[in-house]
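*Asks:* structure, please.
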Amino acid sequence: MAGRSASLGPLAQRILSARSASTSAASTADAFSEAVQVPTSSPRHEPALWTGPRPPAAPAPLGPPRPPSAPRPPASARPPDVPPPAGTGLPQRAVTPGAVERLVSRGWAVLDGAIPPDVCRGIREDVEQLASAGAVHPNHTVVVRAAAGGGPAETAHVPKQGILESDMLAAQHRGRSNGVLSRIQGGAALRAAVGAGLPGAGGALDTQGVKAQVNEGGGGCFPVHLDSDRSVDGRLVTAIVYLNEGWGPGDGGALRLYPAGGGFAPVDVAPEGGRVVLFSSRSMPHRVLPAARRRVCFSAWLGRARDGRPPPPPPDLAAALAGDDRATLAFAAHPAVWKHACKGALAAEWERSIVESHPPGAGRDALVASHRRDVAVIEARLGPLLRRARELAAAGRGAELEGLVQWV
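*Replies:* Purely as a prediction, here's the structure:
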C-alpha cells in the first residue's frame, strides 16, 4: 500500500486519509474526480458523421518529434467465424442473437460471409460511383492548438495518407448515391437487429451514421483510437462491412483490435469481402494497418441520441490504492478512466500509428508531441493503478476487466 500511495503522492494520501477518517462519500467522489481529470487531447478524425453536438478538442501542444519505437511483432489471430443465416443479404440479416451475444461478452464479433459476393460487388460499385462523382473527401485528424498569449485557439487539419471518405447523409443530400448505402443510412433494421441484444436500460438504438471509405493503398492507414466517448456523443456500436474481393495476406490493411479481455494483445482482422465486424465504439481501441492495395469498406455507427441514465458512480479508489485487485480493475474500467487506460497501455503503438498514418510535417509533429504529453500526464496521475490493472489482465483476469468495462 505504501508504495502505491507514494507513487500517487498527495492525492493518494488525501484519499486514504479520507477513508480512515470515514469522511463522506462526496469527499471520496471529489478525490476520484480530481484523479481522473487528465487533460489529454482528443484529436478528431473527420469527415465526422455524427449529427449530435461535439465538444471542442483539447489543445495539442507543439514539440519536436522523435523516431517512434521499434515495432513489435503482432500477436495476430484469426477470429472465430460466426456463420450467417442462409440467404443473407444486407448486414442486418446476418446480425444474429449469437453474434450480438459475442459482441456484448467480449466487445467485438466477426461475421464471415455475411454478405454474398454479388451484393458486395453492388455496394462497392456504389462507393466507387461516389468516388468518381467527387463525393469522397480526404480524412483529416483535427488538432486544436493553444495560441500564444492566451488568444483564441487555432484549429489545424492534418490529412491522413490516402484515406478518402463520404458521409452518406451528405451524399444523399447531393443526390450522388441511391444504392444500398443510402437505404442502410435511411433504415432502422441494422440498429434494431443490434440493439435487440444489448443490455441496459438506456433505451433503444435510435440514431446512426454511415460512412463509405476508400483507402487508396500505398501505405494508407488509421491511427489507434476509440470511436466514441460518453462525453462526446451517443455512439455505442461500430459495424464495418468490407467489400474487397481476393484480399491476400500480403495486402495488409487489417483492422487491428486491442481487446481488454486479452490484455490488449492485438487481434488482426483482414478486410475480406463480405465480412462484417462489430465492436464497442466506446471501449474497443483499434486501428487500420497500412494497406498495400485499394481497400473499400463502409462503417455504420449505431447509438442513442439521449441516454437518461445517470453517470456511473466513482469506483472505490481508496480500496484500489490499498491493493484490492478487484477495485483496481473497476477503477481502470470506469468510463472516466478507460480512455486513459487504453492510451497508457498502448502508448508506443499509438505513437507509431500516428507516424504511419500522417505525412511528415508540422501537423504530424504536433500530433506526436500532444500524444507524448498525454502519456506523461496519464503516467504521473494514474500510472501505478493502470499498470497494475494491465498486469492483472495479462495474468488471466482480462475477462474480468472486460466485464467491468461499461460500454453500453
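
*Asks:* pull up the gap between residue 284 and residue 243, please.
*Replies:* Distance, residue 284 to residue 243, by C-beta to C-beta, to the nearest Å: 22 Å. From N, CA and C alone the C-beta is placed, and that goes for glycine too.

*Asks:* between those two, point out the one with more neighbours.
*Replies:* A count of neighbours by other C-beta atoms under 10 Å puts residue 243 above the other of residue 284 and residue 243, at 27 against 24.

*Asks:* any low-confidence regions in the stretch 151-300 of the chain?
*Replies:* Counting by pLDDT under 70, the stretch 151-300 of the chain contains low-confidence ranges at 172-178, 200-203.

*Asks:* ranges for the helices of it?
*Replies:* 168-173, 180-186, 189-195 (DSSP state H, counting those that start in this stretch).

*Asks:* same check on the stretch 301-408 of the chain?
*Replies:* 317-321, 325-333, 335-345, 347-357, 362-392, 398-404.

*Asks:* with distance to residue 280 and mean neighbour count as added columns, please give those helices in JSON lines.
*Replies:* Compiled in JSON lines, the helices of the stretch 301-408 of the chain are given as follows (distance: least, C-beta to C-beta, whole Å; neighbours: other C-beta atoms under 10 Å):
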{"stretch": "helix 317-321", "distance to residue 280": "23", "mean neighbour count": "23"}
{"stretch": "helix 325-333", "distance to residue 280": "12", "mean neighbour count": "23"}
{"stretch": "helix 335-345", "distance to residue 280": "10", "mean neighbour count": "23"}
{"stretch": "helix 347-357", "distance to residue 280": "18", "mean neighbour count": "21"}
{"stretch": "helix 362-392", "distance to residue 280": "18", "mean neighbour count": "19"}
{"stretch": "helix 398-404", "distance to residue 280": "10", "mean neighbour count": "19"}
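
*Asks:* and those: which comes nearest residue 249?
*Replies:* Taking C-beta to C-beta as the measure, those were each checked against residue 249, and helix 347-357 came out nearest at 18.9 Å.

*Asks:* packing partners of the closest one?
*Replies:* Where contact means 3 or more C-beta pairs under 8 Å, 6 or more residues apart in numbering; DSSP states H and E, helix 347-357 is packed against strand 220-225, strand 286-291, helix 362-392.

*Asks:* domains in the chain, by residue range?
*Replies:* Per automatic domain parsing, the structural domains of the chain span 2-40+310-404, 45-52+70-149+159-303.

*Asks:* quick one: the closest residue to residue 356 other than its chain neighbours and residue 143, what's the gap?
*Replies:* Computed as C-beta to C-beta, 6 or more residues apart in numbering, the closest residue to residue 356 that is not its neighbour in sequence is residue 221, at 5.4 Å. The span separating residue 221 from residue 143 equals 18 Å under the rule C-beta to C-beta.

*Asks:* residue 301 now?
*Replies:* In terms of C-beta to C-beta, residue 301 sits 22 Å off from residue 143.

*Asks:* same thing with residue 100?
*Replies:* Between residue 100 and residue 143 the distance is 36 Å, computed by C-beta to C-beta.

*Asks:* so those two - more neighbours on which side?
*Replies:* Using other C-beta under 10 Å, the more surrounded residue of residue 100 and residue 143 is residue 143, with 25 against 19.

*Asks:* now the longest strand seen in the chain, how far from the chain's geometric center?
*Replies:* Among the segments of the chain that qualify as a strand by DSSP state E, the longest is strand 154-167. From the chain centre to the centre of strand 154-167 is a distance of 17 Å (C-alpha atoms, centre = their mean, to the nearest Å).

*Asks:* what's the answer for stretch 344-359, then?
*Replies:* Relative to the centre of its chain, stretch 344-359 is centred 14 Å away, using C-alpha atoms, centre = their mean.

*Asks:* got it, and stretch 364-376?
*Replies:* On C-alpha atoms, centre = their mean, the centre of stretch 364-376 falls 18 Å from the chain's centre.

*Asks:* ok, stretch 284-294 next?
*Replies:* When C-alpha coordinates are averaged (C-alpha atoms, centre = their mean), stretch 284-294 and its chain have centres 13 Å apart.

*Asks:* how about stretch 186-201?
*Replies:* In terms of C-alpha atoms, centre = their mean, the centre of stretch 186-201 is found 20 Å from the chain centre.

*Asks:* list the buried residues in it.
*Replies:* Of the residues in stretch 186-201, those buried under the neighbour-count criterion (16 or more other C-beta atoms under 10 Å) are 190, 191, 193, 194, 195, 197, 198.

*Asks:* wait, what's in contact with the third one?
*Replies:* Under the criterion of C-beta atoms under 8 Å, 6 or more residues apart in numbering, the contact partners of residue 193 comprise 92, 93, 95, 100.

*Asks:* any idea which of the helices of the stretch 301-408 of the chain gets closest to residue 184?
*Replies:* The minimum distance between residue 184 and these falls on helix 347-357, with 26.8 Å, by C-beta to C-beta.

*Asks:* the closest one to helix 335-345, inter-axis angle?
*Replies:* Helix 347-357 and helix 335-345 are oriented at 80 degrees to each other (axes from the mean of the first three to the mean of the last three C-alpha atoms, to 10 degrees).
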